[in-house]
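Colleague: whatever this is, show me its structure:
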Amino acid sequence: MKKTLAVLVLCLSTLLASAAMAQFTGPSASGRPSTVAEARDVRLGSYVTLTGHIVNHQRSDYFTFRDDTGEIRVEISSGVWGGRKVGPETQVRLMGEVDRGPAGRYIWVKTLDVL
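Modeller: Numbers count the residues shown, from 1 in each chain. All right, here's what the predicted structure looks like:
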């Protein structure tokens with residue numbers, strides 16, 4: 001009986017917590033608006049929001065992103081694209097984490113918005 005009650009309480013608290021998160025209407029964590037030039041100088045692990053254009057595909061999930069201050073490599077997984085078609089003329093907003101790999105600094109993109 002105690003085990004059944006404990007399981008019931010755990011299930012109810014999980015459902016209530018999930019419902020509370022789904023109804024949140026306040027701001028979410030995001031990177032501060034930045035430029036490519038600023039993204040080159042921020043601490044690794046920082047989140048940035050960039051506005052500009054994806055100008056070419058390098059390989060696999062890696063692309064070149066350009067704004068008025070320069071270019072940087074970005075990693076965009078297929079799930080982030082969400083089936084949207086984006087060309088070099090399409091303005092986008094990317095939010096992602098600044099990271100570094102063997103080829104240098106890049107942005108690991110978490111969200112992509114077509115503007």
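
Colleague: quick one, longest strand in the protein?
Modeller: Longest strand in the chain by number of residues (criterion: DSSP state E): strand 47-59.

Colleague: what angle do the next helix or strand after that one and strand 47-59 make?
Modeller: Using DSSP states H and E, the helix or strand that directly follows strand 47-59 along the chain is strand 62-67. With axes from the mean of the first three to the mean of the last three CA atoms, to 10 degrees defining the directions, strand 62-67 sits at 130 degrees from strand 47-59.

Colleague: quick one: buried residues of strand 62-67?
Modeller: Within strand 62-67, the residues that qualify as buried are 63, 65-67, counting by 16 or more other CB atoms under 10 Å. For glycine as for every other residue, the C-beta is placed from the backbone atoms N, C-alpha and C.

Colleague: pLDDT of that strand, averaged?
Modeller: pLDDT averaged over strand 62-67 equals 97, rounded to a whole number.

Colleague: same for it, what does it pack against?
Modeller: Contact analysis of strand 62-67 by 3 or more CB pairs under 8 Å, 6 or more residues apart in numbering; DSSP states H and E lists helix 36-39, strand 47-59, strand 70-75 as its packing neighbours.
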